[in-house]
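Undergrad: the following comprises the amino acid sequence and a computationally predicted model.
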Amino acid sequence: MSYQDFQPFDTSGISTFTLSASEIIQEALDTVGVGTDGEGIAPEDYARSLRALNLVLRELQAQGLHISSYKTGFMFMTEDEEDYVVEDQKATNEYWQTTLSADATSPTTSITVTDSTNMNLNDTIGILKNDSTIFWSTISTITPTVAPAATVVIADSLDGDADSGCTVVNYTTAIEPIARVLKVLRHENFDTDAPISLLSRSEYEDLPYKTGNSGTPSLAYFDRQRPKGKLFVWPPPDSEKHVMRLWYEARIDDLKTPEDALDMDRAYLPAVVYTLAIRLCDRFGISNEVYQRVKVAQQEIMANVLSYDDEVTPVKVSLQRNSF
């Protein structure tokens, strides 16, 4: 048979399989033999199982399993500030930028922009002023002029002058809680990226000074404090044109209802199901024989997903010829 004669198998063309909270719990209960004979699950047992599922998700994330989605976020910094609670800072997963098409003089609440295409009412808006700091407010009204330009009224009075051509940024949705930061880039002048070294706690503490001596941030450290993580940068920024681009893992959302789904890679679903099954053995008085069987299966699954979690990168080898 020639290559041209080969006919591929028909597939669904769909790759959206996932499990809701109730389906994960049911899979775990089936794994340990609870409810398989048709007996119902009492509401209080189901509630305890849902609570156990939430605990399992946090346990797996604490173990370093990247069960939550990797995302990119942008955090706008404050001049001379060295530490930031990211989710309380002006931060988002996506922002848009344009420029002023006319001078904006303090204390105006009306500005004109060259492009309002991606602006929405109640968006957070930032105006880069002449002193290289950003004035933040929200959008009250947008009145188109000559498309895509518009006059934009903001909720607060501008506290400094901004000349025509100054950058204006806006975003709709704030960033969600962060579990861990994997990489940090300095998003220079809202445009190009420059690498920043991500330090450990010990390395950050060894820096000779933490405040003062502002400049261009080149180092960062993320402290996963409770209840919110904090990002430290060094040196503190001397301009608010410096924006941090974060590659991070989001904190797992709480599962509150049976219909809630997990925002996670589906490859980790078996690990969640079998880890939950182990946790439910004690709650439902499962025999040690079943417990051991499930535990062995869970360990095999965890080994597989931890291998899946490893980033595969090419290895480059260069050979050097020496002549004698």
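TA: Happy to help now that I have it.
Undergrad: may I have stretch 238-258 as PDB, with CA atoms only?
TA: Written as PDB, here are the backbone C-alpha positions of stretch 238-258 (Å, rounded to 0.1, in the frame of the first residue of the first chain):
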ATOM      1  CA  ASP A 238      12.900  55.000  38.900                       C
ATOM      2  CA  SER A 239      10.100  55.300  36.300                       C
ATOM      3  CA  GLU A 240       6.600  53.900  35.900                       C
ATOM      4  CA  LYS A 241       7.400  53.100  32.300                       C
ATOM      5  CA  HIS A 242       8.800  49.800  33.700                       C
ATOM      6  CA  VAL A 243       6.100  47.200  33.600                       C
ATOM      7  CA  MET A 244       6.600  43.600  35.000                       C
ATOM      8  CA  ARG A 245       5.600  40.800  32.700                       C
ATOM      9  CA  LEU A 246       4.900  37.700  34.800                       C
ATOM     10  CA  TRP A 247       4.700  34.100  33.700                       C
ATOM     11  CA  TYR A 248       2.800  32.500  36.600                       C
ATOM     12  CA  GLU A 249       0.700  29.700  37.900                       C
ATOM     13  CA  ALA A 250      -2.700  30.800  39.100                       C
ATOM     14  CA  ARG A 251      -4.000  29.800  42.500                       C
ATOM     15  CA  ILE A 252      -6.600  27.000  42.200                       C
ATOM     16  CA  ASP A 253     -10.200  28.300  42.600                       C
ATOM     17  CA  ASP A 254     -12.400  26.900  45.300                       C
ATOM     18  CA  LEU A 255     -14.900  24.300  44.100                       C
ATOM     19  CA  LYS A 256     -18.300  25.400  45.600                       C
ATOM     20  CA  THR A 257     -20.900  23.600  43.600                       C
ATOM     21  CA  PRO A 258     -21.200  20.100  41.900                       C
END
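Undergrad: what about residue 111, how many neighbours?
TA: Residues lying near residue 111 (other C-beta atoms under 10 Å) number 22. The C-beta positions use only the backbone N, C-alpha and C, and glycine is treated the same way.
Undergrad: who are the packing partners of the helix ranked longest in the chain?
TA: With secondary structure taken from DSSP state H, the chain has its longest helix at helix 288-309. Contacts defined by 3 or more C-beta pairs under 8 Å, 6 or more residues apart in numbering; DSSP states H and E place helix 288-309 against helix 269-283.
Undergrad: how far does the helix it packs on sit from the chain's center?
TA: How far helix 269-283 lies from its chain's middle: 26 Å, per C-alpha atoms, centre = their mean, to the nearest Å.
Undergrad: averaged pLDDT, it. What do you get?
TA: What helix 269-283 shows for mean pLDDT is 93.
Undergrad: next one: stretch 161-180
TA: 94.
Undergrad: start and end of it, how far apart?
TA: Across stretch 161-180, the terminal residues are separated by 38 Å (C-alpha to C-alpha, to the nearest Å).
Undergrad: go on, stretch 209-225?
TA: Stretch 209-225: ends 21 Å apart by C-alpha to C-alpha.
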